[in-house]
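Q: my questions are about this predicted structure, shown below with the sequence.
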Amino acid sequence: MGLIIKNGNIITSENEYIADILVEGEKIIAIGKELDIAGHEVVDATGKYVFPGGVDEHVHYNSFNSLGYETSHAALVGGTTTVGDFVVQPVGVGLKDSIINYKRDCLDGVATVDYVLHGIIMDPCEESIEDLVNMPSVGVSSVKLFMAYKGMPYYVSDEWIFKALCTGKESGVTIMVHAENADIIDVLTKQLIAEGKTEPKYFGDSRPVLSEAEATSRAIYMAKMAKAPIFVVHVTNQKAVEVIREAYNEGVSAYGETCTHYLMLNDENLARPNFEGAKYVCNPPLRPQSDVDFMWEAINKGWITSVGSDHCAVMGGFAEGKHKGINDFSKIPPGSPGVQERLYMMWTYGVETGRISRQKFVEVCCTTPAKICGIYPQKGDIAVGSDADIVVFDQNYRGAISIKDSLSGSDYCTYEGYEQKGIAEKVFLRGKLVAENGKFVGEFGEGKQVISKPYAYCYNKFKEGE
Ligand code: DUC
Ligand code: ZN
Ligand code: ZN
């Protein structure tokens, strides 16, 4: 017996049409009008939208002091069926081994959502660079390097970024960068703290727009010299987007993502009273409203390819985690939960306000992230042969984001009180119903690794092996 999702208004990144979807096992096996329902379970989606399960290419579990996969059902409840998680490389452990160990220790039997993994180079040395070519053998074809965090384990110098770009392209590994100028941030942070400006409202001043634009430009020049593609994660502002856009127009394979909070929240949140600003400390920081407005234009015009959540539910939440920085904003653990709310914010404040079309919503939240992660068309599309990751969306639901509905494990919601128009009425992961109207109804620990194919989206301008 299969499953038929009947008569829904199917939205893909390119199309919208009413049809039935036939699922057998874990896959979509047919799409058409008036499919024969005999012998199948039927879900009536008449009057509802139906779109691919969200692909959130940018989340953190078990890194940056964040909670782990025991909270990953939050993604499913929010309509996201696949996440892209960044795997920390402990010093002294090979890059490939860091993936094998992480899977064994943190994922197998714990993950409830499907996941694709990105490496992080944290032990910059020749062995780590050489190991890049082995990453596809463990299903990983993207690796992040941090230009920020002077004096901290995440930081890598330009030498290693350039080498990673040169070697990564030999095996089709996409190099991702966190682009902020570490030295400038270090100087400004020390100055501000020395002046007694220790509250969260000064956090943004320590990491200015230009420190991001400069690092973005430097990273892209390195990619150009290496003749390699580059993907800039969590782009926040107009200047950085312009750097990417100009390079792309000149023929460089430079791409960027932004994140939900850079579309939803501005820097005024950092000045909230009673240390509440700490909830909004993330790297890079929230920007002025003019940049927020520009980022909507950037996704609409295709200058920015995708929208991740940068979900990072800091251990201890606001009460204990964020309060580590009560006397010094630079000690506030960065990051906020957002995987559960990403699609709702993008729909409510993007589609419902007319800022983006429904197709664009699917493109930036599902399809392009899957392409960037090398997991398309298995994920990110409603198509015959794709995994049956499907959201039946009731666009008439009206509510508000509240911590009482949150499954993130944190004690606060980044978007507390924001309107929510529409709800994932039913969420299917590989053909199994896992969430219904804000409730998790699946089995814990059934998430699977999605194997990432090398030479993914960012290599589109390249030919394999060149
Ligand atoms: N970068 C991220 O992508 N997430 C958390 C903090 C950071 O620096
Ligand atoms: Zn980052
Ligand atoms: Zn992140």
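A: Perfect, I can see it now. Residues are numbered from 1 along each chain as shown. Ligands and ions are numbered 1, 2, ... in the order given.
Q: for the rest of this, base every contact and every neighbour count on C-alpha atoms.
A: Fine.
Q: quick check: the residue of this structure nearest ligand 1.
A: The chain approaches ligand 1 most closely through Asn283 (4.8 Å), counting by Cα to the nearest ligand atom.
Q: so what's the backbone phi/psi at that residue?
A: Torsion angles at Asn283 (phi, psi; degrees, to the nearest 10) stand at phi -120, psi 130.
Q: pLDDT value on the residue nearest to it when sequence neighbours are not counted, please?
A: Setting aside the residues directly before and after it, Asn283 is nearest to Pro334 in space (Cα to Cα, 6 or more residues apart in numbering), at 6.2 Å. Per-residue confidence at Pro334 stands at 98 (pLDDT).
Q: what does Ile4 give?
A: With respect to pLDDT, Ile4 has a value of 98.
Q: same question for Lys463.
A: On the pLDDT scale, Lys463 gets 61.
Q: now Lys379
A: Lys379 is given a pLDDT of 99.
Q: any idea how many residues pack against it?
A: For Lys379, the count of nearby residues is 29 (other Cα atoms under 10 Å).
Q: surely it meets Asp389?
A: Yes. Between Lys379 and Asp389 there is a contact under Cα atoms under 8 Å: 7.4 Å.
Q: picking up where we left off before, now the residue nearest to Asn283: phi and psi?
A: phi -80, psi 150.
Q: so His311 is in contact with Glu57, correct?
A: No. His311 lies out of contact with Glu57 (Cα under 8 Å); the separation is 10.1 Å.
Q: who has more neighbours, the two?
A: More crowded of His311 and Glu57, by other Cα under 10 Å: Glu57, with 30 against 27.
Q: what about that one, distance to Val83?
A: 6 Å (Cα to Cα, to the nearest Å).
Q: give me the buried positions along the lengthiest helix in the chain.
A: In the chain, with assignment by DSSP state H, the single longest helix is helix 209-226. For helix 209-226, burial by neighbour count (16 or more other Cα atoms under 10 Å) applies to 209, 211-224, 226.
Q: for those residues, which one is nearest Tyr459?
A: Tyr459 lies nearest to Ala223 out of the buried residues of helix 209-226, by Cα to Cα, at 12.2 Å.
Q: buried residues, the strand or helix carrying Arg245. List them.
A: Element membership for Arg245 (DSSP states H and E) is helix 238-249. For helix 238-249, the neighbour count (16+ other Cα under 10 Å) marks 238-245, 247 as buried.
Q: okay if I get those as a markdown table plus distance to ligand 1?
A: As requested, the buried residues of helix 238-249 are exported to a markdown table (distance: Cα to the nearest ligand atom, whole Å):
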| residue | distance to ligand 1 |
| --- | --- |
| Gln238 | 19 |
| Lys239 | 19 |
| Ala240 | 16 |
| Val241 | 17 |
| Glu242 | 20 |
| Val243 | 19 |
| Ile244 | 18 |
| Arg245 | 21 |
| Ala247 | 22 |
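Q: so the closest residue to His234 other than its chain neighbours: helix, strand or coil?
A: Nearest in space to His234, with sequence neighbours left out and distances taken as Cα to Cα, 6+ apart, is Thr258 at 4.5 Å. For Thr258, the assignment made with DSSP: H, G, I helix; E, B strand; the rest coil gives strand.
Q: so Thr258 makes contact with Phe231?
A: No. Applying Cα under 8 Å as the test, Thr258 and Phe231 come out as separate, 11.0 Å apart.
Q: near ligand 1, which residues of the chain are found?
A: Residues of the chain that fall close to ligand 1, judged by Cα under 6 Å from any ligand atom: 283, 310, 334-335.
Q: spatially, which two of these are the most separated?
A: Asp310 and Pro334 (10.4 Å).
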